[in-house]
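have a look; sequence and predicted model below, questions after that.
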Amino acid sequence: MNKKHIQNSRRFRVYHRKIGLVFLSFFILMSITGFLLALKDVLHLKPQIAVSQTQSVGQWITLAEIDSISKQYVRESLKQDTTIDRIDIRPSKNVAKVLFVNHFTELQINLATGEIISVNSRVDTIIEKIHDGSIIDYFLTQSNISKIAYSSLVSLGFIFMSISGLFLWYLPKKIKYNKLKK
């Protein structure tokens, strides 16, 4: 019985070491980007929302106007693609945040006047794409296949490393217990 535990321990050590070396760079990358994402507000990795004088909803410009203003600005001033990913409305700040699909620009537009009050890059979005593997899809495929494959492989790697690490901790204790028992 003790020989079996010793052989299993050696086998787990070899697998743990080899698979750990393969996944090490992914684990470090995910750890660093996860840390940065957790502290993105503290580290100012995302643009601060510019506060405008609050207006009632009836005095706001329409979504069509926000769409038009943002696309015109991006086309003429930034010379970038105008495909909008989303428009986030912040009623308490009187601001609409416009984010784009094919670049990391964020426009902040005053909901009352239609004035562009801020143009920034979304560093936090870049970090998030690196963290979840979708940065590959962003540059190459425009699908989610790389994100799904990356996340699945890294998750399976974490699971294997945790289980094999548990056995590497447990089996020597079991071997020592069996030796003392004899």
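On my side now, so go ahead.

which residue is nearest the middle of this structure?
Closest to where the C-alpha atoms of the chain average out (CA atoms, centre = their mean) is E128, at 2.3 Å.

give me every residue that touches it.
Taking CB atoms under 8 Å, 6 or more residues apart in numbering, we find E128 in contact with 33, 37, 134. Heads up, the C-betas are built off the backbone N, CA and C, glycines and all.

quick one, phi/psi of the nearest residue to the first one once chain neighbours are set aside?
Nearest residue to T33, sequence neighbours excluded (CB to CB, 6 or more residues apart in numbering): H131, at 3.7 Å. Phi and psi for H131, reported as degrees, to the nearest 10, are phi -60, psi -40.

Q80: what secondary structure?
Using DSSP: H, G, I helix; E, B strand; the rest coil, the structure places Q80 in coil.

what sits against it?
Contact analysis of Q80 by CB under 8 Å, 6+ apart lists 74, 100, 102-103, 105.

kindly recompute the last result at 7 Å.
74, 103, 105 (CB atoms under 7 Å, 6 or more residues apart in numbering).

let me see the contact set for the second one.
Taking CB under 7 Å, 6+ apart, we find H103 in contact with 80-81.

do you know how far it is from V154?
Counting by CB to CB, to the nearest Å, the gap from H103 to V154 is 26 Å.

about what we covered before: pLDDT at the residue nearest to the centre of the chain, what is it?
As predicted, E128 sits at a pLDDT of 93.

now name the helix or strand holding it.
helix 123-132 (DSSP states H and E).

then K3?
If you go by DSSP H and E, K3 is part of helix 2-38.

next structured bit after that helix?
Using DSSP H and E, the next helix or strand after helix 2-38 towards the C-terminus is helix 63-73.

for the helix or strand following that following helix, packing partners?
As assigned by DSSP H and E, the chain's next helix or strand after helix 63-73 is strand 84-90. If you count contacts as 3 or more CB pairs under 7 Å, 6 or more residues apart in numbering; DSSP states H and E, strand 84-90 packs onto helix 63-73, strand 95-100.

name every strand pairing with strand 84-90 and say which way it goes.
strand 95-100 (antiparallel) (DSSP bridges).

tell me which of the helices and strands packed on strand 84-90 lies nearest to V51.
Evaluated over those, closeness to V51 peaks at strand 95-100, with 7.3 Å, by CB to CB.

pLDDT (mean, whole number) over the closest one?
pLDDT averaged over strand 95-100 gives 95.

and the angle for that strand with helix 123-132?
50 degrees (axes from the mean of the first three to the mean of the last three CA atoms, to 10 degrees).

and the next helix or strand past strand 95-100?
The helix or strand immediately downstream of strand 95-100 is strand 105-110, counting by DSSP H and E.

in that following strand, what's buried?
Buried residues in strand 105-110, counting neighbours by 16 or more other CB atoms under 10 Å, are found at 105-110.
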